[in-house]
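Undergrad: Predicted coordinates and the sequence they were generated for:
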Amino acid sequence: MRAVLLMICVVLLVSCSSKPCRVSVEPEMVNLEVQRLEKELFASKSEKDVERFLGEYPDFSQFFLHSDQYPSDSILAGRMFSLIQNPSIDTLYQEAITAFDDFDDVVVTLNEGLGRLKAYYPITPSPVIQTAVTGLYNDLFITNEHIMIGMDFFIGPEASYKPQQIPDYILKRYTTDHLAASILQFISSQFIATGNSDALLTEMIDYGKSYYLLSQILPCIPENVLIGYSEEEWEDIYENEEIIWANFVQNEWLYETDHTMKQRFIGERPNVYEIGEKCPGRIGRWLGWEIVKSYAKSTGKSVPEIMKEKDANMIFIKSGYKPG
């Protein structure tokens, strides 16, 4: 009976899935090491304990806590010990632990994403993951060797304390749901050749290549999550795709080279008011992604072939992109 019930559950899960995973390559085996440093740090009973912690994790101490800016580790240890004894920080810590209750799922997604990236690029790194709560001091530090995560930045909209320096329209992407995509987009960027022109179209397609690669290595994450749009924004964009495209063509924005003008369409903004009050920021990145999708479909090029192509104008022409 247990086996039958399990099979029924599997069938229900499959049949109820409205957004099936995209077709992708089989991932290579990756098993990232995870170090939950917040638990060790908050277990410290004295400044000496914290100093020992800093000595045990020198890279985290240097790159995430910037220990090289202090005359000695003992001074940083004193600061950190005072921090973890603060009742407000304890609230932040408890909320971060709750928010990261599903972190094992995030790690599985990172393993699979890096595994697919490794299938395309065998030299893909396998960084050590380190998590911590530092009183909203640092959010992410990513290299080929490390993925350091400031958990308290990713608690989500219910957090009692939020980073004041991050606007709300960006902060909405600071959740564990967006974490894997944010990390893997940074790591995968090293395999993407940037275009050979200063035109807006070139930067749009550079971003488009980045999101296209991300969609291939994270095939089960919805595309709107990959780019950081809400479902409502995502639906509105496709409903108004012809209007968006018409604005770019009629205003001759594609070959704009002025940096300030380009940032209106690819930079961080709550909305692109030049197109419409409901048009979300970074719409040029999304449009570049649509062009790259069309290019991949029309040419049959492989992912690595697309990533190494530098001629954005050629990609645009051969894409045959048309709204809808």
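TA: Now that the structure is in, tell me what you want to look at. Residues are numbered from 1 along each chain as shown.

Undergrad: What count of nearby residues applies to Gly277?
TA: One correction, residue 277 is Glu, not Gly. 8 (other Cβ atoms under 10 Å). In short, each C-beta sits where N, CA and C put it, glycine included.

Undergrad: What of Lys297?
TA: Here the neighbour count serves as a burial measure; for Lys297 (other Cβ under 10 Å) it reads 12.

Undergrad: Quick check: it is in a helix.
TA: Yes: for Lys297, which was evaluated using DSSP: H, G, I helix; E, B strand; the rest coil, the result is membership in a helix.

Undergrad: Local confidence estimate at the nearest residue to Asp102 once chain neighbours are set aside?
TA: Computed as Cβ to Cβ, 6 or more residues apart in numbering, the closest residue to Asp102 that is not its neighbour in sequence is Thr176, at 6.3 Å. In the predicted model, Thr176 carries a pLDDT score of 97.

Undergrad: wait, what's in contact with Thr176?
TA: 99-100, 102-103, 106, 154, 156 (Cβ atoms under 8 Å, 6 or more residues apart in numbering).

Undergrad: Could you rerun that using 7 Å?
TA: Each residue near Thr176 by Cβ atoms under 7 Å, 6 or more residues apart in numbering is listed here: 99-100, 102-103, 106, 154.

Undergrad: State the distance from it to Ile221.
TA: Between Thr176 and Ile221 the distance is 12 Å, computed by Cβ to Cβ, to the nearest Å.

Undergrad: Low-confidence regions, the protein specifically.
TA: Within the chain, the stretches with pLDDT under 70 are 1-18.

Undergrad: let's see it at 80
TA: Low-confidence segments of the chain (pLDDT under 80): 1-19, 324.

Undergrad: Can you give me the domain assignment for it?
TA: In terms of domains, the chain is parsed into 21-189, 194-319 (source: automatic domain parsing).

Undergrad: Out of the contacts of Thr176, which sit inside helices?
TA: 99, 103, 106 (DSSP state H).

Undergrad: want to throw these into TSV with distance to Tyr229?
TA: Written out in TSV, the entries for those read as follows (distance: Cβ to Cβ, whole Å):
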residue	distance to Tyr229
Ala99	21
Phe103	24
Val106	20
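
Undergrad: Relative to Ser230, which of those is nearest.
TA: Within the ones in helices among the contacts of Thr176, distances to Ser230 taken as Cβ to Cβ reach their minimum at Ala99, with 19.0 Å.

Undergrad: nearest to Trp286, of the ones in helices among the contacts of Thr176?
TA: Val106 (24.3 Å).

Undergrad: quick one: contacts for the closest one?
TA: Val106 is in contact with 176, 179-180, counting by Cβ under 7 Å, 6+ apart.

Undergrad: Surely Gly288 and Tyr207 touch.
TA: Yes: with contact taken as Cβ atoms under 7 Å, Gly288 and Tyr207 are classed as touching, separated by 4.9 Å.

Undergrad: more crowded one of these two?
TA: More neighbours surround Gly288 than the other of Gly288 and Tyr207, with 30 against 22 (other Cβ under 10 Å).

Undergrad: what about the more buried one, helix or strand, and which?
TA: Gly288 is part of helix 283-299, with elements assigned from DSSP states H and E.

Undergrad: chain center to the helix or strand following that helix, what's the gap?
TA: Remark: after helix 283-299, the chain's next helix or strand is helix 303-308, criterion DSSP H and E. Using Cα atoms, centre = their mean, to the nearest Å, we find the averaged C-alpha position of helix 303-308 to lie 20 Å away from the chain's own average C-alpha position.

Undergrad: tell me what helix 303-308 is packed against?
TA: Using 3 or more Cβ pairs under 7 Å, 6 or more residues apart in numbering; DSSP states H and E as the contact definition, the elements that helix 303-308 packs against are helix 200-217, helix 283-299.

Undergrad: Identify the residues contacting the first one?
TA: Contacts of helix 200-217 from elsewhere in the structure, counted by Cβ under 7 Å, 6+ apart, are 22, 24, 113, 116-117, 181, 184-185, 188-189, 192, 194-195, 223, 226-227, 253-256, 262, 265-266, 284-285, 287-289, 291-293, 296, 303, 306-307, 312-313, 315-316.

Undergrad: doesn't Pro27 make contact with Glu112?
TA: Yes: under the criterion of Cβ under 7 Å, Glu112 makes contact with Pro27 at 5.0 Å.

Undergrad: More neighbours: the two, which one.
TA: In terms of neighbours (other Cβ under 10 Å), Glu112 is the more surrounded of Glu112 and Pro27; the figures are 21 against 17.

Undergrad: Would you indicate which residues of the strand or helix carrying the more buried one are buried?
TA: When secondary structure is defined by DSSP H and E, Glu112 falls within helix 103-120. The neighbour-count check on helix 103-120 (16 or more other Cβ atoms under 10 Å) flags 103, 106-107, 109-120 as buried.
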